[in-house]
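S.K.: Show me how the following folds:
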Amino acid sequence: MTRIAVIPGDGIGPEVVEQAVLTLDEFRLGLDFDFLDHVNADTYLRTDVALSDEDVARVASSRSALLGAIGDPRVGSPAYGRGVLLRLRFDLDLYVNYRPAKLLSDRLSPLRRDRARAVDCVVIRENTEGLYTGLGGSLRPGGGHEIALDIDLSTHRGTARVVDHAFSVARREVCMVDKANAVEHGGGLWQRCWRTAAARHPDMATRHMYVDAAAMRMVTDPTTFDVIVTNNSYGDILSDVASAVAGGIGTAASANLNPERGFGLYEPVHGSAPDIAGKQVANPIGAILSAGLLLADLGHTAEAAALRHAVARAVTEGETTPDLGGPLDTRKAGQAVRARL
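M.R.: Predicted coordinates for the structure are as follows:
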């Protein structure tokens, strides 16, 4: 049996994860799901512990992990979200954030021109460094003389390995995005690692763009991109833009990977959406497609392809939740995908 850790989490997380797990079960692959139902805001509010050492060990001992969403309006501090998501990324060294964006149906695109709608790209985001390490501090907080400092950390090892991974998954081109014209030191390090990696792949097309220009191109003609590789904060933003032009954040999947270990944490991008939690109107496609990424990384490529095809058919035929124009609730939208497998 292949053990998969499952963290349903908060808000709509349990609702969409349920549909993802049921879809994985449909393939009869002998997956054994280890549910960590207690990892949520209720537990954090009661114990002040976001993720225990024992929880991390359970996830680490699994073959892969599937996560729903983390976040609750009752928690006023970012310590809870950081204590789950960032701790897993940092402790398990999940240094690649892999976010594909592919248009499932023309009717979902907000882009006016037909030619620009064929979105099929991947944003590779460095996942363990950058502005999200928590390095920094504040001086004289709460007053008119307050000083706040957040450090944007880049290392040669961290940058080089994520750039190398981008080349390993690219089909036709790797575009490196930075802001080296304004962020001199970190940008210079990314530039040097980029040039070294590009020299090792002379047959792969390469391109460099500043992040503001890349954001503009993403909303005018996203078809020009194959693989984008960039730092943590730029990748966070660009991947959300990519998901918007590819049909909306409800369909966006992601994987947090350590390619050397072969371990991945898979999660939809949409967050916990507390305003619709418990109403069974949440879109399960992002979670189901994240489960498809899990299947592919486990080596079940035919099953992963079948899952993606079933999702695309359900979307094209309008069997979706209301955010995509369909009439179905969360459970029935999941059933619509499974009926097409």
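S.K.: does the one residue sitting closest to the centre of the chain sit in a helix or strand, and which one?
M.R.: Geometric centre of the chain, nearest residue: Ser254, 2.9 Å, by C-alpha atoms, centre = their mean. Using DSSP states H and E, Ser254 sits within strand 253-258.
S.K.: who touches that strand?
M.R.: With contact meaning C-beta atoms under 8 Å, 6 or more residues apart in numbering, strand 253-258 is reached by 88-89, 92-100, 127, 165, 239, 263-269, 286-287, 289-290, 292-294, 297. Placement of C-beta: from N, CA and C, glycine included.
S.K.: what mean pLDDT does the next helix or strand after it have?
M.R.: Next in sequence after strand 253-258, counting helices and strands by DSSP H and E, comes strand 263-268. Across strand 263-268, pLDDT averages out at 97.
S.K.: Could the C-alpha coordinates of strand 263-268 be exported in CSV?
M.R.: Extracted in CSV, the C-alpha atoms of strand 263-268 (Å, rounded to 0.1, in the frame of the first residue of the first chain):
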residue,chain,number,x,y,z
PHE,A,263,8.2,13.7,-2.1
GLY,A,264,5.3,16.1,-2.9
LEU,A,265,2.7,18.1,-1.0
TYR,A,266,-0.2,18.8,-3.3
GLU,A,267,-2.8,21.4,-2.8
PRO,A,268,-5.3,23.6,-4.6
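S.K.: can I have the next helix or strand after that strand written out in CSV, keeping just the CAs?
M.R.: Using DSSP H and E, the helix or strand that directly follows strand 263-268 along the chain is helix 285-297. Listed next in CSV are the C-alpha coordinates belonging to helix 285-297 (Å, rounded to 0.1, in the frame of the first residue of the first chain):
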residue,chain,number,x,y,z
ILE,A,285,-11.5,21.0,-9.5
GLY,A,286,-8.4,22.6,-8.1
ALA,A,287,-8.2,19.8,-5.5
ILE,A,288,-8.9,17.1,-8.0
LEU,A,289,-6.3,18.4,-10.5
SER,A,290,-3.8,18.6,-7.6
ALA,A,291,-4.6,14.9,-7.0
GLY,A,292,-3.8,14.4,-10.6
LEU,A,293,-0.4,15.9,-10.1
LEU,A,294,0.1,13.5,-7.2
LEU,A,295,-0.8,10.5,-9.5
ALA,A,296,1.7,11.6,-12.2
ASP,A,297,4.5,12.0,-9.7
